[in-house]
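Student: Structural data only, the sequence is not supplied:
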C-alpha cells in the first residue's frame with residue numbers, strides 16, 4: 001500500500017460498523033472518526049447521550065446529518081494533513097452524495113478512498129440493536145424500530161462506490177477484521 005487511504009465503513013444500523021472501525025483503527029494505529037460521536041458533539045452532547053427520536057428527526061434530520069458528515073470530512077482532512085497514513089470514517093453513509101463528497105476529498109488530499117459495506121442477516125442486526133439498548137457505552141441511537149425505515153431510505157450502491165468490499169459482519173469479529181485488513185492493505189498504489 002503506497003498511497004494514504006480513507007476507509008469508509010458504512011451500512012445500515014446494527015451491522016457492526018463501529019466495532020469494525022474501532023478494531024481496524026487499533027490494528028493499523030489509524031484515527032477513527034465516528035459519525036455518532038461527531039453528530040452528538042455538534043449538538044453539545046457526550047457521545048453516549050441517548051437521543052431516542054423518530055427516524056429522520058432531531059439530530060438525525062437531513063440538514064443536521066449533512067453538518068455531521070461535513071465535520072467528519074474536515075476531521076479526516078486534518079488527520080491526513082498531520083501525516084496519518086490513513087483515516088477511518090464510520091457512519092451509515094446512506095446518501096450517494098455523502099459517499100461522493102468523500103471521493104472529492106480524496107482528489108484534494110492525494111489520498112484514495114475505499115468503501116466497506118457492512119451487511120449481515122437481519123435477525124443478527126435486530127439482536128444487536130436490542131442488546132445495544134443496555135450498553136451504557138454505546139454511541140449509536142439505532143433501534144430495531146428504526147431499522148426498516150433506514151433500509152428503505154438508503155441510496156443504492158453504485159459503480160462509483162469502488163473499490164468496494166461487501167463485508168459479512170454476521171460472523172466472528174476476528175474473521176471479518178482479517179478480511180477487512182487484507183482488503184485495505186492490498187489496495188494498489
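Tutor: Cool, got the structure. Note that the structure is a prediction, hence the values are computed from the model and not measured.
Student: okay, CA-based contacts and neighbour counts for the rest of this
Tutor: Noted.
Student: Tell me which helix or strand residue 55 sits in.
Tutor: Counting by DSSP states H and E, there is no helix or strand that carries residue 55.
Student: Against residue 57, how distant is the closest residue to it other than its chain neighbours?
Tutor: In space, and not counting its chain neighbours, residue 55 is closest to residue 146: 6.0 Å by CA to CA, 6 or more residues apart in numbering. Separation of residue 146 from residue 57 (CA to CA, to the nearest Å): 11 Å.
Student: Pick out whichever of these two has more residues nearby.
Tutor: residue 146 (16 against 11; other CA atoms under 10 Å).
Student: sorry, back to before: pLDDT wise, what is the residue nearest to residue 55 at?
Tutor: pLDDT recorded at residue 146 is 94.
Student: Can you tell me the number of residues neighbouring the closest residue in space to residue 149 that isn't next to it in sequence?
Tutor: Spatial nearest neighbour of residue 149, excluding adjacent residues (CA to CA, 6+ apart): residue 55 at 7.0 Å. Residue 55 has 16 neighbours, counted by other CA under 10 Å.
Student: And for residue 171?
Tutor: 12.
Student: and residue 117, helix, strand or coil?
Tutor: strand (DSSP: H, G, I helix; E, B strand; the rest coil).
Student: sorry, that was for residue 113
Tutor: Per three-state DSSP, residue 113 ends up strand.
Student: and it, what are its bridge partners?
Tutor: Beta-bridge partners of residue 113, counted by DSSP bridges, are residue 6.
Student: so what sits against both of residue 146 and residue 57?
Tutor: When CA atoms under 8 Å, 6 or more residues apart in numbering defines a contact, no residue borders residue 146 and residue 57 alike.
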